[in-house]
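A.B. asks: sequence plus predicted model, see below.
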Amino acid sequence: MQASKEQLLWMFETMVAIRHYEETMANVYLEGKLPPHIQKGLAFDIGSGPVPGEMHLASGKEPVAVGVCAHLKKEDTVVGTHRPHHFAIAKGVPLDRMTAEMFGKATGLGTGKGGHMHLFDPEHRFSCSGIIGASLPPACGAALAARKLGKDWVAVAFFGEGAGNQGSFHESLNLAALWNLPVVFVCEDNAWAISVPKSQSTSIASVADRAAAYGMPGARVADNDAVAVFEAAGEAVARARRGDGPSLLEVKTDRYLGHFQGDPEVYRPKDEVANLRKSDPIPKLSNQLKRQGLMTDATEAEIVARAKQRVADAYEFARKSPYPAPKDALNDVFVSA
């Protein structure tokens, strides 16, 4: 499947927005967490600053999100991981409310009570979870619901290569194949399951090879390239939408930042990230669009400026939004009788 000019430009602009969003959050997140702002001699205070708690960013992994989501409709379901922002942005989740949620503000997607690993937007059919491998079962549920309703909706579960060793992975693939569900399983292979290299955690080189055990197609995209992901995902999404069942797609992608912000990354070779950045997928797509006459330098400047302004507006909205009122602390919380 060949991408149209509109799809290619959308992928480029969305990748730029994702990258700028994550780079901005990398700085915002550290506010108030480092000396001299903290007390008691701590080197890093995870609970301080405007965005408390853990933070997992996806710089470098933009092609996976845009290459898949370019094929999706608003009615399709996406279930992300604990590193969810690139998927949410590509699925159309409002940047302002998503950012406000991370700031713990009342205007957030979950009124500030979920945080960045628990983004939930029913309007745009997006959710995520902090539990490894937890994206696959809900995607199967959404796919089953679509089939029972007689709709051509598709569900996508994103997960990391480390999650391919979880029981939920195997159970979900088995069920999806058995029931012929319209679901696409997308594995982000960034070579690291937190701090454990894939070679020490996974018995096979490609998680996509496991598709054969469940009677479904499996494909691996060997390059962190948006167009290559788009082409591979197009086949899988089309197969699901026409009722031919599930597929497993694995993409070799790159994680430029640590597992979490504040991660000292002592487990990574010192020159690994610098070498990965030499193949940055955003300049790569930019150069391709210009070679094909689909984008000029002037057009690129307009796209980048528009994406950056969108991100800036979202962060401004989040900072200016109010915190939830203390009286609302127990609203939307499950309590026993």
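C.D. replies: That came in fine, so what should we check first? Please read these numbers as outputs of a predicted model, since none were measured by experiment. Numbers count the residues shown, from 1 in each chain.

A.B. asks: what pLDDT does residue 337 get?
C.D. replies: Predicted confidence (pLDDT) at residue 337: the value is 59.

A.B. asks: and the helices in this protein?
C.D. replies: Remark: helices of the chain, listed N- to C-terminal, are 5-29, 62-69, 85-91, 95-102, 136-148, 167-178, 198-201, 226-241, 272-277, 281-291, 297-320; assignment by DSSP state H.

A.B. asks: would you mind finding the most buried of those?
C.D. replies: Of all the helices of the chain, helix 62-69 carries the top mean neighbour count, a mean of 29, counting by mean count of other C-beta atoms under 10 Å. (C-beta placed from N, C-alpha, C; glycine too.)

A.B. asks: related to what we said a few turns ago, among the helices of the chain, which is nearest residue 256?
C.D. replies: helix 272-277 (5.7 Å; C-beta to C-beta).

A.B. asks: and that closest one, how far out from the chain's middle?
C.D. replies: The gap between the average C-alpha position of helix 272-277 and the chain average comes to 20 Å, counting by C-alpha atoms, centre = their mean, to the nearest Å.

A.B. asks: list the helices and strands it packs on?
C.D. replies: Other elements packing on helix 272-277 under the criterion 3 or more C-beta pairs under 8 Å, 6 or more residues apart in numbering; DSSP states H and E are absent; no helix or strand qualifies.

A.B. asks: what does it rub up against?
C.D. replies: With C-beta atoms under 8 Å, 6 or more residues apart in numbering as the test, helix 272-277 has contacts from 60, 254, 256.

A.B. asks: closest one of those to residue 189?
C.D. replies: With C-beta to C-beta as the yardstick, the closest approach to residue 189 among the contacts of helix 272-277 comes from residue 254, at 9.7 Å.

A.B. asks: next, count neighbours for that closest one.
C.D. replies: Residue 254 is surrounded by 23 other residues when neighbours are defined as other C-beta atoms under 10 Å.

A.B. asks: now the contacts of helix 272-277 as JSON lines including distance to residue 187 and pLDDT?
C.D. replies: Conversion of those to JSON lines gives the following (distance: C-beta to C-beta, whole Å; pLDDT from 0 to 100):
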{"residue": "60", "distance to residue 187": "16", "pLDDT": "98"}
{"residue": "254", "distance to residue 187": "14", "pLDDT": "97"}
{"residue": "256", "distance to residue 187": "19", "pLDDT": "97"}
